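Enquirer: below are the sequence and a predicted model; questions follow.
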Amino acid sequence: MPLRAAPCSVVLLVAALGFVACGPPPPAPAPATNAPTAQAVSHEHAHGEESKKSGKGKRDVLRVGVESLDVAVDGGTVHLLLGNYDTNSKSPALLHLRSADAGATWSRPVRVDAGAAAPHQPHRGQDAQIAASGTKLAAIWTTPGTGFMGRGPMATALSADGGATWQPGPNPADDASSGDHSFVDCAADAAGTFHLVWLDARGANKSKGLRYANSKDGGKTWSKNATLKPDTCECCWNTVAVGTDGSVHALFRDKNPRDMAVISSTDHGARWSDAAKVGRFNWDFQGCPHVGGGLIVRGSTLHALVWTGVTGHSGAYHLSSSDQGQSWSAPQRLGDADARRGDLASTGGQSLAAVWDRVSDGESTVLASTSANGGKTWTEPKQLSAKGVNAAYPRVVAVSGSYRVFWTESVTGQPGAWKSGLLTK
């Protein structure tokens, strides 16, 4: 099917991708129209632990439609990477779309993973990733292997023409392992270097740890892998943020306690600091909550949006740091105790936008709040998603002086879809 336009209402510009297979590309870019939106709850993740295991940690999960989403912005271009599952397929087609008008219209989807190793069930919270620097793009995902849940090595696809064509690239990991390499994130800095983090189990204790590599040639080659933290939470997504000053920062969920933490480099990823907690919630939890966080750099300030499940204080919190992540402001909760799975963006100056989802009464909704003073105060949360749908895992990016929000959503019996809305300040 072609790109669908949603009906009119409210202040959101919405675009929905309604096809359920990678067939012939849809015709022409499709304009978005005004409409409310919503995002899908993950069909796999149960809060607190992996569930419904069978065999050696593998299980069959029914996915149809768009179940993986990542977004990257470079200059005035927005790049979207979707994982779209055909009916009864265990591996999706990875599709790239681009927009040169802040997300109002989108190019035809282009298949990214053709000729490369098949993606291993990417889904929300463990999405295939995309990074962009000018016309150079890199997509990264986890392939099948011998690791937990059947996960294996990473694979990449590269484009040198802004996403018009793609070729398979190398595996960034240098451990030659067929085990689990997952929860990838990648970002490009101002010099065009791609900075990549992921989790894998290597070393004597074989515990999950946070690894790092970079590429200075558009993903054709990757640096020797570095271990940033040898023992971390096993199943929460990681977030990379880069500054204009050569700083690189990785937000991840630590272990014992399972608070979020940041580890930073001030020299383009050559050397790294010790990890510092982002909010000392002291959450003693023996399991994996499957919730990461958002991280951005603005000038000399880091802003983070983290989630904790600690009793009596659960929720999503904004914090800031002015010393390369070594110390953080007091946590400020956004939304209520049911807020989680958040992201952050900034158009510059003191402007910030935060998005998250909230599960209540069996329905997941997407909400947003903005700040005009660097996070000191925030507007009342605004629901972006429509009633009657499950909307989750929002992402927010700065575009043309405003903010565009992306998420996925589901309705019982219908394929998963992606939605996009323009958030006014």
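Expert: Arrived safely, thanks for sending.

Enquirer: tell me the average confidence for stretch 139-156?
Expert: Stretch 139-156 comes out with an average pLDDT of 97.

Enquirer: same question for stretch 181-198.
Expert: 98.

Enquirer: buried stuff in it?
Expert: Within stretch 181-198, the residues that count as buried by 16 or more other C-beta atoms under 10 Å are 181-189, 193-198. Placement of C-beta: from N, CA and C, glycine included.

Enquirer: and those residues, which two are furthest apart?
Expert: Across the buried residues of stretch 181-198, no pair lies farther apart than Ser182 and Asp189, at 23.4 Å, counting by C-beta to C-beta.

Enquirer: pLDDT below threshold where in the chain?
Expert: Across the chain, the ranges flagged by pLDDT under 70 are 1-61, 425.

Enquirer: contacts only, for the most centrally placed residue in it.
Expert: Most central in the chain under C-alpha atoms, centre = their mean is Asp70, positioned 5.5 Å from the mean C-alpha point. Going by C-beta atoms under 8 Å, 6 or more residues apart in numbering, Asp70 touches Leu80, Leu81, Asp127, Ala128, Gln129, Ile130, Arg395.

Enquirer: and it, what element?
Expert: strand 65-74 (DSSP states H and E).

Enquirer: need the next SSE after that strand, C-terminal direction.
Expert: strand 77-85.

Enquirer: parallel or antiparallel, which strands does that following strand pair with?
Expert: Sheet pairing of strand 77-85 (DSSP bridges) gives strand 65-74 (antiparallel), strand 93-99 (antiparallel).

Enquirer: so which of the ones you listed is nearest Trp378?
Expert: Across the strands paired with strand 77-85, closest to Trp378 is strand 65-74 (C-beta to C-beta), at 22.5 Å.

Enquirer: buried set for the closest one?
Expert: Gly65, Val66, Glu67, Ser68, Leu69, Asp70, Val71, Ala72, Val73, Asp74.

Enquirer: ditto for stretch 149-163
Expert: For stretch 149-163, by 16+ other C-beta under 10 Å, it's 149-160, 162-163.

Enquirer: that stretch spans what distance, first to last residue?
Expert: The straight-line separation of the ends of stretch 149-163 (C-alpha to C-alpha, to the nearest Å) is 31 Å.

Enquirer: ok now that stretch, how far from the chain's centre?
Expert: 15 Å (C-alpha atoms, centre = their mean, to the nearest Å).

Enquirer: then stretch 280-294?
Expert: Centroid displacement of stretch 280-294 relative to its chain, using C-alpha atoms, centre = their mean, is 17 Å.

Enquirer: do stretch 328-342 as well
Expert: With C-alpha atoms, centre = their mean as the basis, the mean position of stretch 328-342 lies at 18 Å from the chain mean.

Enquirer: for stretch 330-350, same thing?
Expert: The answer for stretch 330-350 is 15 Å, by C-alpha atoms, centre = their mean.

Enquirer: span of it from start to end?
Expert: End to end - C-alpha to C-alpha - stretch 330-350 spans 18 Å.

Enquirer: quick one: buried residues of that stretch?
Expert: For stretch 330-350, using 16+ other C-beta under 10 Å, the buried residues are 331-332, 334-335, 339-347.

Enquirer: may I ask which two of those residues are separated the most?
Expert: Arg340 and Thr347 (24.5 Å).

Enquirer: name the SS class of Met149, please.
Expert: helix (DSSP: H, G, I helix; E, B strand; the rest coil).

Enquirer: still on that earlier bit, quick one, which of the strands paired with strand 77-85 is nearest to Arg211?
Expert: Closest among these, using C-beta to C-beta: strand 65-74, at 18.9 Å.

Enquirer: CA atoms only: put that closest one into CSV for me.
Expert: Only the C-alpha atoms of strand 65-74 are listed here, as CSV (Å, rounded to 0.1, in the frame of the first residue of the first chain):
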residue,chain,number,x,y,z
GLY,A,65,3.6,-4.0,10.2
VAL,A,66,6.0,-1.4,11.6
GLU,A,67,7.6,-2.7,14.8
SER,A,68,11.0,-0.9,14.7
LEU,A,69,11.7,2.8,14.3
ASP,A,70,14.7,5.1,14.5
VAL,A,71,15.2,8.7,13.3
ALA,A,72,18.2,10.9,12.7
VAL,A,73,18.5,14.5,11.6
ASP,A,74,21.3,16.1,9.7
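
Enquirer: how far out from the middle of the chain is it?
Expert: Chain-centre distance of strand 65-74: 8 Å, with C-alpha atoms, centre = their mean.

Enquirer: repeat for stretch 244-260
Expert: 15 Å.

Enquirer: could you pull out the buried residues of that stretch?
Expert: In stretch 244-260, counting by 16+ other C-beta under 10 Å, buried: 246-255, 258-260.

Enquirer: ok, stretch 226-234 next?
Expert: Quick answer for stretch 226-234 (16+ other C-beta under 10 Å): Ala226, Leu228, Lys229, Asp231, Thr232, Cys233, Glu234.
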